[in-house]
Structure formats: structure tokens, C-alpha cells
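In: Here is the input, now give the coordinates:
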Amino acid sequence: MRNIRPAMQAPRKTELARQLLAPGQRQLAPALRALLITVDGKRDASELCRLGRGLGLGENSVQLLQEKGLIELPAPLEAPRSPQRAQEMALAAQAAERAQAAKRLVNARFFALDLVTRMLAGREADLRNRSREADTHSRFMEWVDLCCERIEEHSDASRAAMFRERVEAAMRG
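Out: Next up is the predicted model:
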């Protein structure tokens, strides 16, 4: 995130905003409506944020207008980052990455199980049972090694190598 740069942030009303500000329309909260009325394409985002705070809308009032589709900004509006907020965002990003990795592992495991079933045609029952224990990346790779050994026993090394390549590609997403 970056700080708001006043010279680059002159929000403008959208067509939706103009419709909601038409006479007789009262769909917006009074404070939000008052702030939206002040958006004229000349006042920068920092000035509008100050006006929003004065109306009791808080620090993210301009961002709220943008999220509701009521204003357009020439560049994305981002609030200054506090050290605590930066740490929260980093933790959230790490959690998202872990979730994505877990999803890739599950998808790769199902793919590998299907592939080994096809390659071994009925001789994979114990591998199927052991796949349930492959719940981490390292355990999964150990299971893949075992599958490769079994494929090589019943077929050849090139089929085992092909199995490994395809499974590793599935892990990458």
C-alpha cells in the first residue's frame, strides 16, 4: 500500500452516484450523501477524507465511496499503513498462501491417485490406503516415491518418471 498523494487523487462521481443524488432519491445515509455531494473532480482524496472524518464517516470514507461504485479514482486509493496493519496484512498473506498450498496438495493427491490407479490397473489398493496419510507435502512426496517404485516394478522406469513429472506439474498448479 502507499500513501495518498493529493495531486494524483481527484475523484469523480460515477453515473450511479449521479442517479443516487437525483431529487427524491434517499438511498444513501445522510453523511455519505453529504460527502458524495462534495466530490467534484477538483477536491483531492485527502481533502475528501478530511471532510468524511468531519462527517463522522471515519478514515476510509473515500474508499467506501469507491467500493460502492460511487466515485472513480485516477489511481487506486490506499490508506497509509501502520506497522501493526502491515504485520496483519503479512500474516493474512501467509495464511492465504498456506491455504492455496493445501488446496494444491489436495488436488495433486487426487490427480496422482487417479493416475496411479490407471497405471497399475487394480494393483494399487495398498497405495490408495497409504494416500490417506499423505497430508503434508513431505508425506505426499514420500507416497509419490512409493508409487514410482511400484510403477517401475510393474512397468518401467520411463512410466514412473512420467508419473512423477505429471504429479509435480499438478503440485505447481
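
In: Tell me the buried residues in stretch 144-157?
Out: 144, 146-148, 150-151 (16 or more other Cβ atoms under 10 Å). In this view, the C-beta of every residue, glycine as well, is placed from N, C-alpha and C.

In: Now tell me what touches that stretch from outside.
Out: For stretch 144-157, contacts defined as Cβ atoms under 8 Å, 6 or more residues apart in numbering pick out 112, 116, 119-120, 123-124, 127, 130, 159-161, 163-164, 167.

In: and it, how far out from the chain's middle?
Out: 37 Å (Cα atoms, centre = their mean, to the nearest Å).

In: CA atoms only: put it into CSV for me.
Out: This file holds the C-alpha atoms of stretch 144-157, laid out as CSV (Å, rounded to 0.1, in the frame of the first residue of the first chain):
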residue,chain,number,x,y,z
VAL,A,144,4.8,-40.4,-4.7
ASP,A,145,8.2,-42.1,-4.4
LEU,A,146,6.4,-45.3,-3.3
CYS,A,147,4.1,-45.0,-6.3
CYS,A,148,7.1,-44.6,-8.6
GLU,A,149,8.7,-47.7,-7.2
ARG,A,150,5.5,-49.7,-7.7
ILE,A,151,5.0,-48.4,-11.3
GLU,A,152,8.6,-49.3,-12.1
GLU,A,153,8.1,-52.8,-10.8
HIS,A,154,5.0,-53.4,-12.9
SER,A,155,6.0,-51.4,-15.9
ASP,A,156,9.3,-49.5,-16.5
ALA,A,157,11.3,-46.5,-15.3
